[in-house]
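# just a sequence and a predicted model for now, questions to come.
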Amino acid sequence: MKNKVVIITGGSSGIGLALAEKFGSEGSKVLITGRNQESLEKAVTALREKGITISAFQADVSKEADNKAMAEAAIQQYGTIDILINNAGVSMRALFTEVDLAVVRSVMDINFYGAVYATRYCLPEIIKNKGSVIGISSIAGFRGLPGRTGYSASKFALNGFLEVLRTELLKTGVHVLTACPGFTASNIRMRALTKDGSAQGKSPRVEENMMTASECAGHIYKAVVKRKRTLILTGQGKFTVWLNKLWPSLADKLVYNIMAREPE
Ligand SMILES: NC(=O)c1ccc[n+]([C@@H]2O[C@H](COP(=O)([O-])OP(=O)(O)OC[C@H]3O[C@@H](n4cnc5c(N)ncnc54)[C@H](OP(=O)(O)O)[C@@H]3O)[C@@H](O)[C@H]2O)c1
């Protein structure tokens, strides 16, 4: 990964920030994006202090023009793009009977269309370099989770998009990875959108019991180096995907019971 140019969307927090640190410490030149300029600057300062080559570009993945500008900024700064990590994402927590449909649309715009736009504008350089496109999907992209209709749908859509992309690019030497973390400690649950679009503000799960963002990033890094097709993380995540294939009606009941334990 030495001297590879890596774009990480949503690189100012959680898994994206940990990926920036991992790729950067292996010698890659990193460009991170996010909506909040202050968080981006904080991340860049902290990682530069560790000797990492990194810059930030303020961009909202749900806006097509921002993605075009992001790709242009990376090419201007580093000369090319080798790897795109479609990581920016938001979650939601509301029952479908109650949710404002604008929440579902917003989650799709960020988690699905964000990846589509970013990939479109980075792909010409990635094809030239026989590089990688990575989508940070989720176990929720294999098995729907209650209270997260829009989120699960966005990750199922992302998985389908990446599968087709991989197949279309089969003869080009481009690598496409669908990376599916299980529950990972980050800000995602704090920022998850509730039924009216406001942030949840707290996590309904015990974050301390989860995989850390840096462990998650380490697994994703290895999968990129090995040019793997799919990465499914955590024991619980692997079991869920396996059970859902084998016995989906039982998975419905187990998932219901597990998620019903969340407060409220
Ligand atoms: N943590 C988990 O348990 C878990 C499990 C499975 C999959 N994932 C996936 O992992 C990815 C990273 O999540 P995380 O857990 O690290 O969450 P996080 O700590 O909340 O970080 C999310 C990052 O995405 C950025 N972002 C959000 N909306 C954006 C937008 N419209 N445009 C550009 N950047 C945006 C955020 O910055 P700004 O808010 O400043 O824009 C932030 O940098 C997501 O795709 C998520 O679905 C997470």
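Sure thing, it's come through.

# buried sites along stretch 221-232?
Burial within stretch 221-232, assessed by neighbour count using 16 or more other CB atoms under 10 Å, is assigned to Tyr221, Ala223, Val224, Thr230, Leu231, Ile232. (Glycine included, C-beta is placed from N, CA and C.)

# out of those residues, which are inside helices?
Tyr221, Ala223, Val224 (DSSP state H).

# can you redo those as a markdown table with pLDDT?
As requested, those are exported to a markdown table (pLDDT from 0 to 100):
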| residue | pLDDT |
| --- | --- |
| Tyr221 | 98 |
| Ala223 | 98 |
| Val224 | 98 |
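
# need those in TSV with distance to the ligand, can you?
Below are these laid out as TSV (distance: CB to the nearest ligand atom, whole Å):
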residue	distance to the ligand
Tyr221	15
Ala223	14
Val224	15
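
# list just the nearest of those to Ala94.
Closest approach to Ala94 among these (CB to CB): Ala223, at 32.0 Å.

# wouldn't that closest one be in contact with Ile232 here?
No: at 10.1 Å, Ala223 does not count as touching Ile232 under the criterion of CB atoms under 8 Å.

# overlap in contacts of those two?
With contacts defined as CB atoms under 8 Å, 6 or more residues apart in numbering, no residue is shared by Ala223 and Ile232.

# quick revisit: so can I have TSV of the buried residues of stretch 221-232 showing distance to Thr184?
Listed next are these as TSV, based on distance: CB to CB, whole Å:
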residue	distance to Thr184
Tyr221	14
Ala223	15
Val224	17
Thr230	17
Leu231	13
Ile232	13
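
# which of those sits closest to Ala157?
Nearest member of the buried residues of stretch 221-232 to Ala157, counting by CB to CB, is Thr230, at 16.1 Å.

# tell me the SS of the closest residue to the closest one other than its chain neighbours?
Distances taken as CB to CB, 6 or more residues apart in numbering put Thr178 closest to Thr230, at 5.0 Å, once the chain neighbours are dropped. Thr178 carries the three-state label strand when classified by DSSP: H, G, I helix; E, B strand; the rest coil.

# please tell me how far Thr178 sits from Gly135.
From Thr178 across to Gly135, the span is 5 Å (CB to CB, to the nearest Å).

# what sits in contact with each of these two?
Joint contacts of Thr178 and Gly135 (CB under 8 Å, 6+ apart) are Leu158, Asn159, Leu162.

# which of these fall within helices?
Filtering those for helices - DSSP H - leaves Leu158, Asn159, Leu162.

# quick check: the spatially closest residue to the second one that is not a sequence neighbour vs the ligand, distance?
What sits nearest to Asn159 in space, not counting adjacent residues and going by CB to CB, 6+ apart, is Gly141, at 4.6 Å. Spatial separation of Gly141 from the ligand under the definition CB to the nearest ligand atom, to the nearest Å is 8 Å.

# please shift the residue numbers so they start at 39 in all later answers.
That works, and once the first residue is 39, the last one we named lands at Gly179.

# tell me the contacts of Gly179?
Counting by CB under 8 Å, 6+ apart, the residues that Gly179 touches are Ser190, Lys193, Phe194, Leu196, Asn197, Thr216, Cys218.

# what's near enough to touch the first one?
When you say that, I think you mean Ser190. Ser176, Ala178, Gly179, Arg181, Gly182, Leu183.
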